[in-house]
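give me a 3D structure for the following:
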Amino acid sequence: MQWKLTDDRPIWMQLTEQLTERIVSGLYPLGSRMPSVRELAAQAGVNPNTMQRALAQLEADGLVVTNRTAGRTVTEDSQSVDRVRHSLAEDKMEFYVAGMATLGYTETEAANMLLHRRRGNQ
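Presented below is the predicted three-dimensional model:
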């Protein structure tokens with residue numbers, strides 16, 4: 001997965017969001033060992049201190065656990081990950097509905113359009 005960083009927001013926040021998405025999508029499975037700060041920083045092309053700040057936020061959010069002997073691992077608390085995943089999905093739905101509203105669609109019309117598109121692709 002490619003890192004996508006822009007200049008419009010703090011880099012550590014963008015890193016936190018992208019790492020969160022990797023965790024909730026299963027790219028970093030529950031209980032798995034996270035790459036080191038230096039590895040992740042090198043992959044993203046950022047300063048290790050910036051990556052450290054992003055990982056500290058993930059720990060504060062309950063998605064990552066630090067073990068002195070094993071380094072950082074993804075939490076094994078599937079309910080916490082599911083809550084974050086659901087919250088992110090809600091945000092994406094709100095973005096979709098708001099975007100469709102600017103085009104003059106009601107929520108029902110937007111939902112029906114999405115359902116119709118989905119059925120057409122199966």
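
so which residue is dead centre in the chain?
Centroid-nearest residue in the chain: E21, 2.1 Å away (criterion: Cα atoms, centre = their mean).

tell me how far that one lies from R85.
E21 sits 9 Å away from R85, taking Cβ to Cβ, to the nearest Å as the criterion. C-beta: built from backbone N, CA, C; applies to glycine.

go on, G31?
On the measure of Cβ to Cβ, G31 and R85 end up 16 Å apart.

looking at those two, which is more packed in?
R85 (17 against 12; other Cβ atoms under 10 Å).

who touches that one in this structure?
For R85, the contact set (Cβ atoms under 8 Å, 6 or more residues apart in numbering) comprises V24.

distance of it relative to I23?
Counting by Cβ to Cβ, the separation of R85 from I23 is 9 Å.

chain center to the helix or strand of the chain with the lowest mean pLDDT: distance?
Least confident helix or strand, the chain: helix 107-120 with a mean of 84, by mean pLDDT, DSSP states H and E. Its chain's C-alpha centre lies 25 Å from the corresponding centre of helix 107-120 when counted by Cα atoms, centre = their mean, to the nearest Å.

ok, residues contacting that helix?
96-97, 100-101, 105.

what subset of the residues you listed is buried?
M100 (16 or more other Cβ atoms under 10 Å).

mind putting the contacts of helix 107-120 in JSON lines, pLDDT, secondary structure and distance to A54 included?
Below are the contacts of helix 107-120 laid out as JSON lines (pLDDT from 0 to 100; DSSP: H, G, I helix; E, B strand; the rest coil; distance: Cβ to Cβ, whole Å):
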{"residue": "Y96", "pLDDT": "96", "secondary structure": "helix", "distance to A54": "27"}
{"residue": "V97", "pLDDT": "95", "secondary structure": "helix", "distance to A54": "29"}
{"residue": "M100", "pLDDT": "96", "secondary structure": "helix", "distance to A54": "32"}
{"residue": "A101", "pLDDT": "97", "secondary structure": "helix", "distance to A54": "33"}
{"residue": "Y105", "pLDDT": "96", "secondary structure": "coil", "distance to A54": "36"}
